[in-house]
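**Student:** Structure for this input, please:
(chains A and B)
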Amino acid sequence: MRIGNFRIPMMASLLVWLVVWEIVGRLDLIFLIPPVTEIAQAGLRLVQTGSWQNASLITLRSFAVGMALAIAVGVPLGICMGLFKTVDRLMGMWVNMFVSAPLSALVPVLMILFGLGETTVVVTVFLFAVWIIVLDARAGVMQVPRSLFEMGRSYGASGWTLFSKIVLFAALPEILAGIRLGLIRGVKGVVIGQILVSVIGYGELFELFSRNFEMASFWALTIILFAAAMLLSALIEHFEHRIDYYAGARA
Amino acid sequence: MSQAALRQPPATEATNDAIVEVRGVSKIYGDVEALRNIELSFARGKLTTLLGPSGCGKTTLLKIIAGLVPATSGEIRVNDRVVTGPGPERAFVFQDFALMPWATVMRNVGFGLELRGVREAERKRVAQHYIDQVGLSGFENKYPHELSGGMKQRVGIARAFAVDADVLLMDEPFSAVDEQNRRKFQEDLLKLVEIEKKTFLFVTHSIEEAVYVSDRIVLLSPRPGRVSQIIDPKIDRTATPDEIRRDPGYLDTVENIWDGLRHYAE
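**Tutor:** The predicted structure is shown next:
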């Protein structure tokens, strides 16, 4: 962006908002909004505490396990739905229902089923992430041009070869897009799960900070979480762009 | 059938050395009759074109011969063996190229060999030969989306040649190529036909293209697809492309086919 001859750096708008926040914070209008500088200090203090490191570890673990399960189940299921009409008919209704359902409402039920611990959080992450992964993998397989199947068959591929050499690669861009969207949903899942379970990980910290009105630490934690989610998404997106390059303009 | 064959000497000759035989093939999709009782034989080493208006089932017939689509009734024989599916003696060139967008030109051309388990060094050698043959030298490491439509189809043709099949099945290979390139393409195809000594089955809806490239033209009529006429253009292939296109025999054949097809166009 430019104003006159002056080129405004990319992060300028962020700086403006930070300054506004700082001023509002300094004015001491509401205790909910402490100055940015105070939040930064709280953040620095926070990351050095054992409780934060511990909570991060637990959060990362729940997230990683939940996502790994969601990908391990979601991608093959989506591919099967794309390939076989029977599977599609059998599962389509459920996937479409869950992909748009307010899953947070299910977490209390999960707590009854899986207890007040990490398992519930893992299952929450899984349930948040898996459906979009299924749908995108399915869409990826369904858009593979018929002629690519025919090409494979006419040159002697069948069954597994046809799938592993052609279908999988042709569907890869959509599969990756699904995983990226799944990751973003998974972050929501891990936070919502932990907050509702509220005795482990970041949920415990959020609970602690808000109960004791430590708003600076509360915001610091929120910002750390947002930044982590954005970073993760950017990482996958970068990977996707590289795949897209090879996938190219699909004829 | 035998009487008809006797009255047409060229046809008898052809059946003696027919590489592909279509016997009583019909195809019904749901309640649409796409092909009705097709009887044809394709001569070894010749380029035969299936020509007809859209909806005459010419692509369906080609895909049945390729073993990609099952016939409702009748059988296909290639080299005297009944076709039950795709086979290594047939290679297919697709209308939309059907290239793998994630693979280089080199890998695309060698893909048929890769599927047959040919080792990489050998695969590359053969692929390189046909990449050069179709005029794509220097593009080995490009990806399909970096190529023009015409170049993509050259990759498709090189891939079909690379597997050393006896019969090349080409489904409207130049229909997605622009007009300027198409002529060049047709001329190049004739050169390849000359060099490679293979049998070509060619599907097109362009009369000029059919007459220009074919040894024999099979005219199909639409809905249901039937063989309506068989034409052997008498054209001197040793002439230059421009001479052929001005040759009275060429022009008369185009005109004859036009007359035969006119009533379908209305």
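**Student:** Which stretches in chain B count as strands?
**Tutor:** Secondary structure of chain B (DSSP state E): strands at B:18-29, B:32-43, B:47-51, B:73-78, B:81-82, B:90-93, B:167-171, B:199-204, B:216-221, B:226-231.
**Student:** Turn those strands into JSON lines, columns for mean pLDDT.
**Tutor:** Output for the strands of chain B, formatted as JSON lines (pLDDT from 0 to 100):
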{"stretch": "strand B:18-29", "mean pLDDT": "86"}
{"stretch": "strand B:32-43", "mean pLDDT": "86"}
{"stretch": "strand B:47-51", "mean pLDDT": "90"}
{"stretch": "strand B:73-78", "mean pLDDT": "88"}
{"stretch": "strand B:81-82", "mean pLDDT": "86"}
{"stretch": "strand B:90-93", "mean pLDDT": "91"}
{"stretch": "strand B:167-171", "mean pLDDT": "91"}
{"stretch": "strand B:199-204", "mean pLDDT": "90"}
{"stretch": "strand B:216-221", "mean pLDDT": "87"}
{"stretch": "strand B:226-231", "mean pLDDT": "83"}
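**Student:** out of these, which comes closest to chain A?
**Tutor:** strand B:90-93 (4.2 Å; CB to the nearest CB). C-beta coordinates here come from the backbone N, C-alpha and C atoms, glycine included.
**Student:** That closest one packs against which elements?
**Tutor:** helix A:146-154, helix B:58-66, helix B:149-162, strand B:167-171 (3 or more CB pairs under 8 Å, 6 or more residues apart in numbering or on different chains; DSSP states H and E).
**Student:** Need the residues that contact the longest one.
**Tutor:** When contacts are taken as CB atoms under 8 Å, 6 or more residues apart in numbering or on different chains, the neighbours of helix B:149-162 outside the stretch itself are A:155, A:251, B:91-94, B:97-99, B:105, B:108-113, B:126-127, B:130-131, B:133-136, B:139, B:144, B:147, B:168, B:170, B:173-174, B:176-178, B:181, B:184-185, B:189, B:192, B:196.
**Student:** Make a PyMOL selection of whichever of those turn out to be buried.
**Tutor:** Applied in PyMOL, the following selects the buried portion of these according to 16 or more other CB atoms under 10 Å in any protein chain shown:
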select buried, (chain A and resi 155+251) or (chain B and resi 91+92+93+94+97+98+99+105+108+109+110+111+112+113+126+127+130+131+133+134+136+139+144+147+168+170+173+174+176+177+181+185+189+192)
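**Student:** Any stretches of chain B with poor pLDDT?
**Tutor:** B:1-16, B:263-266 (pLDDT under 70).
**Student:** At the contact with chain A, which residues of it appear?
**Tutor:** B:63, B:66-68, B:85-86, B:88, B:90-92, B:94-102, B:111-112, B:114-116, B:143-146, B:152, B:159, B:163 (CB under 8 Å from any CB of the partner chain).
**Student:** try 7 Å
**Tutor:** Contact residues, chain B versus chain A (CB under 7 Å from any CB of the partner chain): B:66, B:68, B:86, B:88, B:92, B:94, B:96-102, B:111-112, B:115-116, B:143-145, B:152, B:163.
**Student:** In chain B, which residue sits nearest chain A?
**Tutor:** residue B:145 (3.0 Å).
**Student:** roughly how far apart are that residue and residue A:241?
**Tutor:** According to CB to CB, to the nearest Å, residue B:145 and residue A:241 sit 14 Å apart.
**Student:** Also residue A:189?
**Tutor:** 26 Å.
**Student:** ok, those two, which is more surrounded?
**Tutor:** residue A:189 (29 against 10; other CB atoms under 10 Å in any protein chain shown).
**Student:** mind checking pLDDT for that one?
**Tutor:** Turning to residue A:189, the model gives it a pLDDT of 88.
**Student:** what does the one 3 residues further on give?
**Tutor:** pLDDT for residue A:192: 85.
**Student:** low-confidence ranges in chain A?
**Tutor:** Using pLDDT under 70, chain A drops low at A:1-4, A:8-10, A:243-251.
**Student:** need the strands for the stretch 1-150 of chain A, in chain order.
**Tutor:** In the stretch 1-150 of chain A, the segments counted as strands under DSSP state E, counting those that start in this stretch are A:2-3, A:6-7.
**Student:** Give me the nearest residue to residue A:156, chain neighbours excluded.
**Tutor:** Among residues not flanking residue A:156 along the chain, residue B:115 sits closest, at 4.7 Å (CB to CB, 6 or more residues apart in numbering or on different chains).
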